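Trainee: got a sequence here, can you model it:
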Amino acid sequence: MENFQVGCLVLGAAVLTWQARAAKQPHERVFFAALALFFASFALREFDVRKGDWTPLAVGVLSGTVRNLWLGGLWLVIGYFAYRQRANVLTSGWKWLKSTPGRILLVAGLFWVVAAAVDKADAFGTRRRNLLAEELIEVDAALLMALSAFISLMRSHNTLAENAASQWTPADHPT
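Mentor: Numbering: from 1, shown residues only. Below is the predicted model of the structure:
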C-alpha cells in the first residue's frame, strides 16, 4: 500500500511540476512548484528504503539527516522565490485553496492527520488492524492529493483556453 501511496504522490508532484512549468506568471510558477515540492516531501516520507535492495548511498540520500538537509535546502530555495513574490503568491494561494482542488487537498490533509492519530492510538484492537486502518486512510489521502493535482491542472488548462478564446477576434482569421 505504501508503494501505491508513493506512486500517487509522485504522480501528483509531476502534474504540479508540469503546471508550474506551464504557468505564465512568476507567482503561479512559485506556487505550483511549492505544491509539487510539498507532494514530493510526502512521497519521500512514505518511501521506505529499508525494504528492497538499495545501495548504502541511496539509503543515505533518501532517508535520515541527509534527506532532511537536501529537502530543507529545496524548501529554502522555494521560500526565497515565494518571498520575492509574496503578495501575489499569498493571494493566488488563498484563491487556490478556496477552489475545488484546494478543498480536496485540505480534506487529504485531514486524512493524513487521522491516519497519524490511528497510528498512535489502539482504536482497532490489534496492531495489525491499526496498521491496516492507518494504511487505508493514507491511501485515501494520497489518492485525494493526486486527484487535487489533476483537477488543478484541468482547471488551469481550461482557464488558459478560455483566455485565449476571449482574446480571439474575427479580424484575426480572414475567411
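Trainee: contacts, neighbours, all on C-alpha from now
Mentor: Noted.
Trainee: which regions of this protein lie under the pLDDT threshold?
Mentor: Applying pLDDT under 70 to the chain picks out residues 50, 52, 157-175.
Trainee: from what I see, V49 and G60 are in contact.
Mentor: No - counting by C-alpha atoms under 8 Å, V49 stays clear of G60, with 9.2 Å between them.
Trainee: residues in contact with the nearest residue to V30 once chain neighbours are set aside?
Mentor: Nearest non-adjacent residue to V30, counting by C-alpha to C-alpha, 6 or more residues apart in numbering: A82, 6.1 Å away. Residues near A82 by C-alpha atoms under 8 Å, 6 or more residues apart in numbering: H27, V30, F31, V89.
Trainee: whichever helix or strand W96 is part of packs against which elements?
Mentor: Taking DSSP states H and E as the criterion, the element that holds W96 is helix 86-97. Counting contacts by 3 or more C-alpha pairs under 8 Å, 6 or more residues apart in numbering; DSSP states H and E, helix 86-97 is packed against helix 26-46, helix 100-120.
Trainee: what packs against the longest helix along the chain?
Mentor: When the chain is scanned for its longest helix (criterion: DSSP state H), the result is helix 127-167. Other helices and strands packing on helix 127-167, by 3+ C-alpha pairs under 8 Å, 6+ apart, are helix 2-22, helix 100-120.
Trainee: so which of those helices gets nearest E138?
Mentor: Judged by C-alpha to C-alpha, the one of the helices and strands packed on helix 127-167 that comes nearest to E138 is helix 100-120, at 6.0 Å.
Trainee: give me the contact list for the closest one.
Mentor: 96-97, 130-131, 133-135, 137-138, 140-142, 144-145, 147-149, 151-152.
Trainee: quick one: it to chain centroid distance?
Mentor: Here helix 100-120 is found 13 Å from its chain centre; the criterion is C-alpha atoms, centre = their mean, to the nearest Å.
Trainee: tell me which residue is most central in the chain.
Mentor: F39 (2.9 Å; C-alpha atoms, centre = their mean).
Trainee: D53 versus that residue, what's the distance?
Mentor: Using C-alpha to C-alpha, to the nearest Å, F39 is found at 25 Å from D53.
Trainee: buried subset of the contacts of helix 100-120 as a ChimeraX selection?
Mentor: Buried residues among the contacts of helix 100-120 (16 or more other C-alpha atoms under 10 Å), as a ChimeraX selection:
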select :130,131,133,134,135,137,138,140,141,142,144,145,147,148,149,151,152
